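Visitor: Need the 3D shape of this:
(chains A and B)
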There are 2 protein chains.
Amino acid sequence: MTSNVGYTPADKGILIVLSGPSGVGKGTVCKALRSCAPDIVYSVSATTRAPRQGEVDGVNYFFKTREQFQQMIAQDQMLEWAEYVGNYYGTPRKFVEDTLNTGKDIILEIEVQGALKVKQKFPEGVFVFLLPPSLPELESRIVGRGTESEETIRSRMSVAVDEIAMMEHYDYAIVNDQVDLACSRIRSILTAEHCRKDRIVSKIQHWMAEVKK
Amino acid sequence: MTSNVGYTPADKGILIVLSGPSGVGKGTVCKALRSCAPDIVYSVSATTRAPRQGEVDGVNYFFKTREQFQQMIAQDQMLEWAEYVGNYYGTPRKFVEDTLNTGKDIILEIEVQGALKVKQKFPEGVFVFLLPPSLPELESRIVGRGTESEETIRSRMSVAVDEIAMMEHYDYAIVNDQVDLACSRIRSILTAEHCRKDRIVSKIQHWMAEVKK
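Guide: So this is what the prediction gives:
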């Protein structure tokens, strides 16, 4: 009873996976989060594509040879990976886990299929789905991107609707009506997740052990 | 696809039950919440004790006769109730449900045993456990209350430790190290709970129905 052992703040970070349909504004929200929540670390992807001018290894990407990347896949070092236009892209597990072990939260912005793969390998992550304010609003964002044909727009909307159905597999859903509101909701989710009973119980086991002496 | 049906904000409130061991500061946190979160409604208890000077029916308490109170118990209109020193005290279900139906969140501050009874009747509530920064800190708060004997203090601490073990049945645990931090964590939990996928899925069912047409 006279122990001075107190509460230890959560010493492990949380992986938050931010996903949602194409056109919903994941990148914009992440960019805004960087200024409003500078304490969150951003996951760095690995790729086999060549670095562009100014890109720094370990900051923009982890640049890998095909052989290195394939070995990482074989050794289960990728939380997810995919091949686009002849290059591999993926999320190295080690960077995520090293960050969590320092007590920092890490955010991974990723499309819907990739997020579902991450969930299989890392179910303890917090999966957040970003929603458009409405379907017509999503359509206007997709249209607003460029000069796509009506056919292309219809096809993209169809994909987006299929992706929204994937929301079922997520923990939270946030409407991206205002970027600053979306950011503050993400921060609230992180705060709340740090207060989940199971996280705290493990912190105060030593109180109980102390008391039972 | 051309529907103007958009996202409807969550139209039902959340019941948040704030509990924790005696001496942890539930009342202080609730008082602080009243100023920092004036949008949250406070649950009003029913009692059979006589109103004191200045107490208003429906504000401080719902004042009931013993017969009325017993009838409410019989009709399952109490989320929990108990008898202290010859008077009944309880939480009327109707006030909680009416508030939730207006879309407002409602907070119920209650001791640990009462909270567990509420959970049986209202499992969809969000159960938050308030923890002291440490056991010695809780002891000093209990000691600081008055001139209790060492025996009484030891007995209260023993009850408090048993109550802390009840944390297992809660959704969240918050350390009451600083009152303003505890308040902001409670607000974050409410925001996060409003973003839970299941709450949002039911809101956008009509999108999906619309799209499948």
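Visitor: now chain A, which segments are flagged as low pLDDT?
Guide: Applying pLDDT under 70 to chain A flags the ranges A:1-10, A:145, A:207-213.
Visitor: per-domain residue ranges of it.
Guide: Following automatic domain parsing, chain A resolves into domains at A:9-40+A:105-213, A:44-104.
Visitor: Turn the ones you listed into CSV, columns for mean neighbour count.
Guide: (Each C-beta comes from the backbone N, C-alpha and C, glycine too.) Compiled in CSV, these are given as follows (neighbours: other Cβ atoms under 10 Å in any protein chain shown):
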stretch, mean neighbour count
domain A:9-40+A:105-213, 18
domain A:44-104, 15
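Visitor: right, and those domains - which one's nearest chain B?
Guide: domain A:9-40+A:105-213 (3.4 Å; Cβ to the nearest Cβ).
Visitor: Quick check: A:Tyr42 vs chain B, distance?
Guide: Separation of A:Tyr42 from chain B (Cβ to the nearest Cβ, to the nearest Å): 21 Å.
Visitor: That residue touches A:Ile106, doesn't it?
Guide: Yes. The criterion here is Cβ atoms under 8 Å, and A:Tyr42 meets it with A:Ile106 at 7.2 Å.
Visitor: before we move on, back to that, make a markdown table from the domains of chain A and add distance to chain B to it.
Guide: Below are the domains of chain A laid out as a markdown table (distance: least, Cβ to the nearest Cβ, whole Å):
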| stretch | distance to chain B |
| --- | --- |
| domain A:9-40+A:105-213 | 3 |
| domain A:44-104 | 16 |
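Visitor: and these as a markdown table, adding distance to B:Ser149?
Guide: Listed next are the domains of chain A as a markdown table, based on distance: least, Cβ to Cβ, whole Å:
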| stretch | distance to B:Ser149 |
| --- | --- |
| domain A:9-40+A:105-213 | 20 |
| domain A:44-104 | 43 |
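Visitor: With respect to B:Gly114, which of those domains lies nearest?
Guide: Of all those, domain A:9-40+A:105-213 sits nearest to B:Gly114, with 18.2 Å by Cβ to Cβ.
Visitor: the strands in chain A, which residues?
Guide: A:15-19, A:41-42, A:46-47, A:62-63, A:78-84, A:87-92, A:106-109, A:126-131, A:172-175 (DSSP state E).
Visitor: Would you format the ones you listed as TSV with distance to A:Asp98 included?
Guide: What follows is the strands of chain A, written out as TSV (distance: least, Cβ to Cβ, whole Å):
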stretch	distance to A:Asp98
strand A:15-19	12
strand A:41-42	10
strand A:46-47	14
strand A:62-63	12
strand A:78-84	13
strand A:87-92	10
strand A:106-109	9
strand A:126-131	18
strand A:172-175	25
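Visitor: how close does A:Cys195 get to A:Pro51?
Guide: Relative to A:Pro51, A:Cys195 is positioned 41 Å away (Cβ to Cβ, to the nearest Å).
Visitor: quick one, what contacts A:Ala46?
Guide: A:61-64, A:69, A:72, A:78, A:81, A:88-92 (Cβ atoms under 8 Å, 6 or more residues apart in numbering or on different chains).
Visitor: ditto for A:Thr99
Guide: A:Gly13, A:Val41, A:Ile106.
Visitor: what do you get if the cut-off is 6 Å, keeping everything else the same?
Guide: Contact analysis of A:Thr99 by Cβ atoms under 6 Å, 6 or more residues apart in numbering or on different chains lists A:Val41, A:Ile106.
Visitor: ok, A:Ser22 to A:Gly86 distance?
Guide: Counting by Cβ to Cβ, the gap from A:Ser22 to A:Gly86 is 21 Å.
Visitor: cool, A:Leu131 as well?
Guide: 33 Å.
Visitor: cool, A:Asp162 as well?
Guide: 26 Å.
Visitor: go on, A:Gly20?
Guide: As judged by Cβ to Cβ, A:Gly20 and A:Gly86 stand 27 Å apart.
Visitor: With A:Gly27 instead?
Guide: Using Cβ to Cβ, we find A:Gly27 at a distance of 23 Å from A:Gly86.
Visitor: Now the closest residue to A:Asn101 other than its chain neighbours: phi and psi?
Guide: Nearest residue to A:Asn101 in three dimensions, chain neighbours excluded: A:Lys12, at 6.8 Å (Cβ to Cβ, 6 or more residues apart in numbering or on different chains). As for A:Lys12, its main-chain torsions (degrees, to the nearest 10) stand at phi -120, psi 140.
Visitor: For chain A, just list every one of the helices.
Guide: Per DSSP state H, chain A carries helices over the ranges A:26-36, A:66-74, A:93-101, A:112-121, A:135-144, A:150-165, A:179-194, A:197-212.
Visitor: Now these in TSV, please, with extra columns for distance to B:Gly144.
Guide: Listed next are the helices of chain A as TSV, based on distance: least, Cβ to Cβ, whole Å:
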stretch	distance to B:Gly144
helix A:26-36	39
helix A:66-74	57
helix A:93-101	39
helix A:112-121	48
helix A:135-144	55
helix A:150-165	54
helix A:179-194	29
helix A:197-212	20
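Visitor: ok, the closest residue to A:Ala115 other than its chain neighbours - contacts?
Guide: Closest residue to A:Ala115 apart from its sequence neighbours, by Cβ to Cβ, 6+ apart: A:Ser19 at 3.8 Å. Residues near A:Ser19 by Cβ under 6 Å, 6+ apart: A:Ile110, A:Val112, A:Ala115, A:Phe129.
Visitor: Minimum distance to B:Gln120: which of the helices of chain A has it?
Guide: Of all those, it is helix A:197-212 that lies closest to B:Gln120, at 17.6 Å by Cβ to Cβ.
Visitor: residues in contact with stretch A:123-134?
Guide: Contacting residues not belonging to stretch A:123-134 are listed as A:14-20, A:24, A:26, A:138, A:167, A:170-177, A:193, B:6-7 [Cβ under 6 Å, 6+ apart].
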